[in-house]
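K.L.:
could you look at this predicted model? Sequence included:
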Amino acid sequence: MPPPILLTVDDDPEVSRSLARDLRQQYGEEYRIRRAESGSEALDALKELKLRDEQVGLLLADHRMPEMTGVEFLEQARQFYPKARRVLLTAYADTDAAIGAINQADVDYYLLKPWDPPQEKLFPVLDDLLEDWKSHAQRKSDDRVRVVGHRWSAPSHAVRDFLTRNQLPFRWLELDRDAEAATLLDANGSDRDHLPLVVTDDGQVLQAPSTTELAAALGLSSTPSLPFYDLIIIGAGPAGLGAAVYGASEGLRTVLVEKEAIGGQAGQSSRIENYLGFPSGIAGGDLARRAVTQARRFGAEMLLTTEVASMDICGSARVVRLANGDQLSAHAVLLTTGVAYRRLPAEGADEFAGRGVFYGGTATEAESARDEDVYIVGGANSAGQAAVFFARTARSVTIVVRGDNLERSMSQYLIEQISQIPNIRIRTNSEIVGVSGDEHLERVRIADRKAGTEEEVATSWLFVFIGAAPYTDWLPKEVLRDDRGFVLTGPDLVVDGTLPADWPLERHPYFLETSVPGVFAAGDVRGQSVKRVASAVGEGAMAVTLIHRYMEML
């Protein structure tokens, strides 16, 4: 396959040549550089490239062009190459138009002209965008891992969700839809009653594997490289990833332990639009991938798909025992295990989990739900982001929320977006009270608490984003928690000026420190925390500072 293309569009021939020259100098070994001098010329080029099935990684267009502006071109170009990264070149006076393009045309970035020196003002931005594009292009094209399953198989969904959340490229082959699926089953002597079938890139065949078995086959499982660390981070959500970056960059021997997938709940978000530094928003999985790359660059160690069983306090050491029998020891432990969505308390919901009822994880089922009626339960940002995401391809999206509005629990920018999307409907004062079907979900029963009525509607897709339960049952009793299981830290441990009975030090606990000195908590798992990605990352960074202070006193 020929190298992918970077296409520039500028009606000024001198600027066009200059931009192409800079791009060729920086990216010429990996990409082909093509240029056009009008939007219509560029669209004709994209049509030709599409017919030849060639890849386009980046579209870079000047805003002020006659006949067709850069924004108009980038908007029309999406129908041919929706995954290509889109950049608008603009003058300072057109900044408002550029920001509007981000909101309306889904432009990834805008750059001010002139871009000299390109090493500072052009290449760093394009490097970042092209790295994102390559990551998505590889995931789409890499079919070395093949998964054969059924659309309504809960184990098949679990495997797909695991691979998707861990950003492992795979090819999904659905029985009764893909001819290759039956061929693979027959070739491996498998049957339809034990799905999914996973064939790895090195020829291993796994029949209905657990996620632990799958992780081992794909080389994800790992063992600790050191007998003792400065810092053990448990949980790879935004708080844990933030702490890993700051801890490793500041010289702490840092290891991060994650049970399921990098990114936590935030990693499942289709788009986070209010995180600092990403004006066009960023998918949760992409943010997690960047953070992992950054943490590893500084030397943080990652133990993925590794479950923690218990923690012991052994003098000044904190010992974490893993479910596989290994153990880790360190001066300090940071708890960033986050929360899990609560189960839907509706009749029949457990029976259809993974077969029409899904908890978070919209990316796995997005394509399967195309042109269908999707129902979403919940009124917080995660539910709103899922609704906007599904509305692009679903026939309709209905948000079911118990309150009388979304203002109490959802960010205003999401509320405004939802109000402008015609195929999203909001049912307030309502809740799902029952689900039913044969082999998979087919109907849900919705109660209107205000009207006192119930209605049954047809749907095969119900996504649940309600409440949050912290993952803290494994902690020792010495780590105090509130009545909902969230970890108490800092000032929340002091009641009427009195420290916890077992607190051994004269000083008060640091702000993010638990009732056990040297054990800290950050992010959603912490009581009274702000449930936002930015605050979780901030707490992770703050915890590293406090851990330094703690270690200085050892």
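P.N.:
Done, it's in. Residues are numbered from 1 along each chain as shown.
K.L.:
contacts only, for the residue nearest the centre of the chain.
P.N.:
With distances taken as CA atoms, centre = their mean, Gly267 lies nearest the centre of the chain, 2.1 Å away. The neighbours of Gly267, taking CB atoms under 8 Å, 6 or more residues apart in numbering as the test, are 165, 237, 261, 284-285, 287-288. (Glycine included, C-beta is placed from N, CA and C.)
K.L.:
list phi and psi for it.
P.N.:
Geometry field for Gly267 lists phi and psi as phi -70, psi -20, criterion degrees, to the nearest 10.
K.L.:
that one and Asp326, how far apart?
P.N.:
Gly267 sits 25 Å away from Asp326 when distances are taken as CB to CB, to the nearest Å.
K.L.:
try Gly437
P.N.:
If you go by CB to CB, the gap between Gly437 and Asp326 works out to 42 Å.
K.L.:
which one's more surrounded, the two?
P.N.:
When Gly437 is set against Asp326 and neighbours are counted by other CB atoms under 10 Å, the residue ahead is Gly437, at 19 against 13.
K.L.:
hang on, isn't the more buried one packed against Phe352?
P.N.:
Yes - with contact taken as CB atoms under 8 Å, Gly437 and Phe352 are classed as touching, separated by 6.4 Å.
K.L.:
Gly538: how many residues sit nearby?
P.N.:
Each residue near Gly538 was counted by other CB under 10 Å, and the total is 17.
K.L.:
isn't it right next to Gly242, touching?
P.N.:
Yes - with the criterion set as CB under 8 Å, Gly538 and Gly242 qualify as a contacting pair; they are 7.2 Å apart.
K.L.:
which residues does Ile446 contact?
P.N.:
Taking CB under 8 Å, 6+ apart as the contact definition, Ile446 lies against 400, 427, 430-433, 454-457.
K.L.:
mind checking which of those residues land in helices?
P.N.:
In helices, defined here by DSSP state H, there are no members of the contacts of Ile446.
K.L.:
drop anything exposed from these.
P.N.:
The neighbour count (16 or more other CB atoms under 10 Å) marks 400, 427, 430-433 as buried among the contacts of Ile446.
K.L.:
so which of those are in strands?
P.N.:
If you go by DSSP state E, the buried ones among the contacts of Ile446 have 400, 427, 430-433 in strands.
K.L.:
all strands for the stretch 251-400 of the chain, in order.
P.N.:
254-257, 301-303, 308-314, 317-322, 327-335, 339-340, 357-359, 373-377, 396-400 (DSSP state E, counting those that start in this stretch).
K.L.:
what's the last one in contact with?
P.N.:
Read that as strand 396-400. Residues from elsewhere that reach strand 396-400, judged by CB under 8 Å, 6+ apart: 373-379, 383-384, 387, 390-391, 406, 418, 421, 423-427, 430-432, 446.
K.L.:
ok and it relative to strand 373-377, angle-wise?
P.N.:
Regarding strand 396-400 and strand 373-377, their directions subtend 20 degrees when assessed with axes from the mean of the first three to the mean of the last three CA atoms, to 10 degrees.
K.L.:
may I have strand 396-400 as CSV, with CA atoms only?
P.N.:
Listed in CSV are the C-alpha atoms of strand 396-400, where the atom choice follows Å, rounded to 0.1, in the frame of the first residue of the first chain:
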residue,chain,number,x,y,z
SER,A,396,-33.3,7.9,17.6
VAL,A,397,-31.8,8.3,21.1
THR,A,398,-33.9,8.6,24.2
ILE,A,399,-32.4,9.8,27.5
VAL,A,400,-34.4,8.5,30.5
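K.L.:
partner strands of that strand and their direction?
P.N.:
Sheet neighbours of strand 396-400, with direction, are listed as strand 373-377 (parallel), strand 424-427 (parallel) (DSSP bridges).
K.L.:
just how off-centre is that strand within its chain?
P.N.:
Shown here is strand 396-400, whose average C-alpha point lies 22 Å from the average C-alpha point of the whole chain (CA atoms, centre = their mean, to the nearest Å).
K.L.:
thanks a lot, see you next time.
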